[in-house]
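> Show me the folded form of this:
(chains A and B)
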Amino acid sequence: MKVTSALANPSPGEKTARQSIAWLSRLGFALVTLFFIIMFSWSSPVFLTLDNWSNLLQGSAILLIVALAMTLIVSAGAIDLSVGVAIDFGAMMALIALKTWQLPWQVAVLCALLGGLTIGLVNAFLILVCRIRPFLATLGTWFIASSAERIYTDGGGAIAMRRMAPEYHDLAVGHIWGVPTPVMIVFVVWLAAWLLTERTLFGKRVRAVGQNSEAARIAGIADKRTVFWVLIAASTMCAIGGIILSANLRQFTPLAGQSYLMDSIAAVFIGTAFNRQGRVSMSGTLGGVLFLAIVNNGLNLMGLNYLVKDALVGIILVVALAVSFWQARLRQQHV
Amino acid sequence: MSSEIQNLGARRLRVLFEKIPLILFVGLLVWLSIQSPYFLSWENISRMLLQSVPLAILSFGLVCVIAAGGDDVVSGGIDLSLPAIAVFGVAILSLGLMEWQLSWPLLLLAVVIASLLCGGINALLVLIAGLPPLLATLSTSVAFTGITELLTGQRRISVNSPLMVDFRDGSLLGIPYALLYLALVFIAFQVLLHHSRFGQHLQAVGGGKDMAQMSGLNVPRLTLASWLIAAIAAALAVMPLLAQGSGSSSGTATPLLMEMVLATFLGGAFSRRRVVTIWGALLGAVLVNALSNGLALLGVNIFWMGAIKGVLILVVLAASALQHKGKS
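Numbers count the residues shown, from 1 in each chain, chains lettered A, B, ... in the order given. From the prediction side, this is the model:
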């Protein structure tokens, strides 16, 4: 209570102090990132090499795609816990198409997208028709779909395919004009997502529904249809991540997508710290993913025990989220 | 006249709708007990109850946070880090007993302090930094789990302390100690949340923050209290959890998290006003375990279990959501 009253009537000295804090906090996250970059490059000479950065970008391609999907959903005011199984379904369908049905790789890609789309349809049915809240609905989808994966693979055995079409394998390891293919794919997806959310009417509608779906509906926006397309688009994007994952490993590992869930949510919200208005945005998410990738990569290069690294990543995640929200709050109180 | 009849019919339909979750579960239990006569034997019932002790206590904690934060999952109160805190406590306890050779009272004190610290961090993130509780506790649960794994080195630590063995196997008048423990904790939480002034204040805050603020309640302090109470619940769940696993093993937090959320919200679907209650959480926890137990007795493939549970939860939630819609 004291805090708010102090903010309402700040004494002059306090005011300038607070303003400088707010100014610092606006830069805050970029400074934190810079600090990490300097620290890592000081501790490991490899960190700032071009090779390492190309590795880093390639390694974060899947996370970025999933995080972009999550960004879309969060900006529509929902949350999706089933991104992991959407990735898995994409990867699984691709491998089934390639291995069991012996289809050409282009069709396999299509099958993968359809696999992801299925998850989106299930979510849409649960959220829009059954009116279950997104958090619980997608939790249920996750339960059911991961169980389906276990049943299909007889308990979680991987579906491996060493001799897959080289074109498909190239989706993960090839190069286009000297740029790694996954990075290229991610760039295209990011650009499309950015255009969709920042430069089209649809993007404005999504944000309107996310801020206040009731008001959006009264203003004449078909809120259900908007959420439907958001869910479909997001799960299809996750399936693209699944394609890259399966092409890279040349196998489908059940439940592998789950590890991207927490990181993608974190990236989206860390991303709000990079945005000038403190809202969820595609560019912010890019920043968030890069931040996570830099921390991960740097800690790896320091050669820490993996348990220490995991604990550190967890703590850094908490602190980063705290900082990004705290500065957003400061900013709100100052505008 | 005819409209009255129609009204009556509509009301009956609504009552039926309201009871769908209950009917579904009772039907399932009856079916299970017909399929497997062992299901309703006293031995099996007491085993099911015993299994649900840690889950029920964790759910009590979650109910407190939801009661004070509102039941909107994204912006309201939710604490996903409770299982991680409890597993952290189990690790401290088993390490302390087996490797650091510390005494019980000291260790229990350490567990309580550690839990309160974890709850305090959650409250700090939510109240000072302004994170949505969902995000705050999701990230702290990752951090707490990381610290736990670092402490234990992802090893399994078996505990054979006589006090724990007593707690696990002993009984008073034919009732296992763990069940008595659950009954005590249940009564404490029931009184605290539903039959005390403090509990009413918590629910007022959950019902509407601004309203509560205007009627003179100290909202931040009450919210902080709810987080700390939840942490205490996690600390209380440490002992049964330790007894259940006879020690600490890594990876116990995630399945517990799913079941905790499930049990709590199922409990909400059973209550008439569709709010989460301590009583409902207890019922939910027992039912979740009864379901796993019954399906296992039937020899259902374990991979199907997740799917069956998932579908059931969704049916229950959909029924309660549709009913909500009918009312408004």
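
> hey, let's count contacts and neighbours off CA atoms from now on
OK.

> quick one: stretch B:305-314 to chain centroid distance?
Put simply, stretch B:305-314 sits 18 Å off its chain's centre (C-alpha atoms, centre = their mean, to the nearest Å).

> what do you get for stretch A:174-191?
The answer for stretch A:174-191 is 17 Å, by C-alpha atoms, centre = their mean.

> now swap in stretch A:259-277 and tell me
Counting by C-alpha atoms, centre = their mean, stretch A:259-277 comes out at 7 Å from the chain centroid.

> And the closest residue to chain B within the stretch 101-250 of chain A, what's its pLDDT?
Residue of the stretch 101-250 of chain A nearest chain B, by C-alpha to the nearest C-alpha: A:Ile144 (4.2 Å). Turning to A:Ile144, the model gives it a pLDDT of 85.

> Relative to the whole chain's centre, how far out is stretch A:70-86?
For stretch A:70-86 - counting by C-alpha atoms, centre = their mean - the centre lies 9 Å from the chain centre.

> and what of stretch B:226-237?
Counting by C-alpha atoms, centre = their mean, stretch B:226-237 comes out at 11 Å from the chain centroid.

> What are the contacting residues of that stretch?
Under the criterion C-alpha atoms under 8 Å, 6 or more residues apart in numbering or on different chains, residues B:53-55, B:57-58, B:60-62, B:64-65, B:68, B:82-83, B:85-86, B:89, B:111-112, B:115-116, B:118-120, B:122-123, B:202 lie in contact with stretch B:226-237.

> and with 6 Å instead?
For stretch B:226-237, contacts defined as C-alpha atoms under 6 Å, 6 or more residues apart in numbering or on different chains pick out B:54, B:57-58, B:61, B:64-65, B:82, B:86, B:112, B:115-116, B:119.

> and what of stretch A:228-237?
A:69, A:86, A:113, A:116-117, A:120, A:124.

> And for residue 172, the neighbour number?
You didn't pick a chain, so chain A it is. Residues near A:Ala172, counting by other C-alpha atoms under 10 Å in any protein chain shown, number 23.

> should've been chain B
Neighbour count of B:Leu172, defined by other C-alpha under 10 Å: 9.

> What of A:Thr71?
Under the criterion other C-alpha under 10 Å, the count of neighbours that A:Thr71 has is 29.

> Show the pLDDT at the closest residue to it other than its chain neighbours.
Excluding its sequence neighbours, the residue lying closest to A:Thr71 (C-alpha to C-alpha, 6 or more residues apart in numbering or on different chains) is A:Val268, at 5.8 Å. The model reports A:Val268 with a pLDDT of 88.

> Among the contacts of stretch B:226-237, which ones lie close to chain A?
Contacts with chain A within the contacts of stretch B:226-237, counted by C-alpha under 6 Å from any C-alpha of the partner chain: none were found.

> Give me the distance from the helix or strand where A:Ala234 lies to the chain's centre.
Following DSSP states H and E, one finds A:Ala234 within helix A:223-249. The gap between where helix A:223-249 is centred and where its chain is centred comes out at 11 Å by C-alpha atoms, centre = their mean.

> Just the CA atoms of stretch A:70-89, as CSV, please.
These are the backbone C-alpha positions of stretch A:70-89, laid out as CSV (Å, rounded to 0.1, in the frame of the first residue of the first chain):
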residue,chain,number,x,y,z
MET,A,70,2.4,-19.3,-28.7
THR,A,71,2.6,-15.6,-29.3
LEU,A,72,-0.4,-15.7,-31.6
ILE,A,73,-2.4,-17.6,-29.1
VAL,A,74,-1.4,-15.5,-26.1
SER,A,75,-2.2,-12.3,-28.0
ALA,A,76,-5.7,-13.7,-28.5
GLY,A,77,-6.0,-14.0,-24.8
ALA,A,78,-5.6,-17.7,-24.4
ILE,A,79,-2.8,-20.1,-23.6
ASP,A,80,-1.9,-23.4,-25.2
LEU,A,81,-0.4,-26.3,-23.3
SER,A,82,-0.7,-28.7,-26.2
VAL,A,83,2.0,-27.2,-28.4
GLY,A,84,4.2,-30.1,-27.5
VAL,A,85,1.9,-32.7,-28.8
ALA,A,86,1.2,-30.6,-31.9
ILE,A,87,4.9,-30.8,-32.7
ASP,A,88,4.9,-34.5,-32.0
PHE,A,89,1.9,-35.1,-34.2
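
> give me phi/psi at B:Ser248?
phi -110, psi 130 (degrees, to the nearest 10).

> For the residue nearest to the spatial centre of chain B, give me its contacts.
Per C-alpha atoms, centre = their mean, the C-alpha nearest to the average position across chain B is that of B:Ser59, at 1.4 Å. Shown in contact with B:Ser59 (C-alpha under 6 Å, 6+ apart): B:260, B:264, B:281.
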